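Chemist: Give me coordinates for this.
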Amino acid sequence: MRSVPPSRRARTAAALTAVTAALATAAGLGAGPAAAAGTAPDRYVALGDSFASGAGVPDQADADCMRSSRNYPALVNAALAPAAHEDVTCGGATTVHMTSAQNASAPPQLDALSADTDLVTLTIGGNDVGFADIIVRCVTLGAFNLAGSPCKSSYTWTGTDRLAATVDATAPKIAAAIDGIRQRAPQARILVTGYPAILPDNGTNCPWVATIAKGDAPWLRDTHKRLNTVIATQAAARGAVYVDTYTKSIGHDVCKPAGTRWMEPLITNAAAPFHPNAAGERAMADAVLAAAG
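Modeler: Now for the predicted structure:
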């Protein structure tokens, strides 16, 4: 492993301090029986984590949950114009927070549902696998070994990919979340989103933007896709609609320049690091609207 100059170490430390703080805050197929496609829902409820809340995207309407007035639920609501709408998405939410309070101002998200809810969107699972911790670990380790795969090695040195196992273990948690929605809103059409591309789909890295090592980038991409597959499988098994937000986001990852990227890099003021910006939230809304019919 090559030594790192003191000046680079200082820059890396400063960047890591910033991303750790921001991520800690952000992370702090059939239709249902009602709401036929093409008709405006009577009551739309949005559930989920920071990718749904629009963490860091101006303007922030709810600081406690890092919820933006331009997040994808707000855009879906504007397009569909339901009679009633409630957005309880919250940065840092896990599947636990579907049935348990996240903080004093964020009660259990499923409490927002009612028998007359006929459209629900759900974006969940990333924080169950430790999204913020993974990013901080990989950016930290990559800063000192950009040519290798230090982050992957830290998860696989025992001979088992512990992160893959964690992803697989989210399946029953996501299943329980969907089941909980169905119990509280039996007439609802449930749209469950995956996560859009963060890193280049071709497996390359961009160390000038984020210190993800060359060998870690394709492994992280595959892990990301693994989580989306788990989400899609659970949605299909429970009569929910899986919304693919990944495919159209290819080519709009953190490595792309401003104006092209839908996902923000390490240092940014357009969204939380490694989260969708306003264009990314718009793309997620478009995918949801297409699935809604």
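
Chemist: Which strand or helix spans the spatially most central residue of the chain?
Modeler: Centroid check for the chain by CA atoms, centre = their mean gives residue 51 as the closest residue, at 3.9 Å. Taking DSSP states H and E as the definition, residue 51 sits inside helix 50-53.

Chemist: Not counting its own residues, what contacts that helix?
Modeler: 26-27, 46, 62, 65-68, 71-73, 87, 89-93, 121, 123, 126-127, 193, 195-196, 272, 275-276, 284 (CB atoms under 8 Å, 6 or more residues apart in numbering). Heads up, the C-betas are built off the backbone N, CA and C, glycines and all.

Chemist: how about a cut-off of 6 Å?
Modeler: Applying CB atoms under 6 Å, 6 or more residues apart in numbering, the external contacts of helix 50-53 come out as 26, 65, 66, 67, 71, 89, 90, 91, 123.

Chemist: Check stretch 226-235 too.
Modeler: By CB under 6 Å, 6+ apart, stretch 226-235 touches 125, 167, 170, 171, 174, 175, 192, 194, 242, 246.

Chemist: the helices in this protein, which residues?
Modeler: 6-27, 50-53, 72-80, 131-142, 150-156, 162-168, 171-184, 216-237, 278-292 (DSSP state H).

Chemist: So which of these is the most surrounded?
Modeler: Counting by mean count of other CB atoms under 10 Å, helix 50-53 has the highest mean neighbour count of the helices of the chain, with a mean of 32.

Chemist: okay, residue 283: pLDDT?
Modeler: The confidence metric pLDDT takes the value 98 at residue 283.

Chemist: so it touches residue 263, yeah?
Modeler: No - judged on CB atoms under 6 Å, residue 283 makes no contact with residue 263 at a distance of 10.0 Å.

Chemist: how close does residue 228 get to residue 65?
Modeler: Distance of residue 228 to residue 65, computed by CB to CB, to the nearest Å: 24 Å.

Chemist: ah, wrong one, I meant residue 270
Modeler: Distance from residue 270 to residue 65, by CB to CB: 19 Å.

Chemist: Quick check on those two: which one has the bigger neighbour count.
Modeler: When neighbours are counted by other CB atoms under 10 Å, residue 270 and residue 65 differ, and residue 65 comes out ahead with 25 against 17.

Chemist: who's in contact with the closest residue to the more buried one other than its chain neighbours?
Modeler: Once flanking residues are discounted, residue 65 sits nearest to residue 90: 3.6 Å by CB to CB, 6 or more residues apart in numbering. Residues near residue 90 by CB under 6 Å, 6+ apart: 53, 65, 102, 106.

Chemist: Over to residue 105?
Modeler: So residue 105 contacts residue 64 (CB under 6 Å, 6+ apart).
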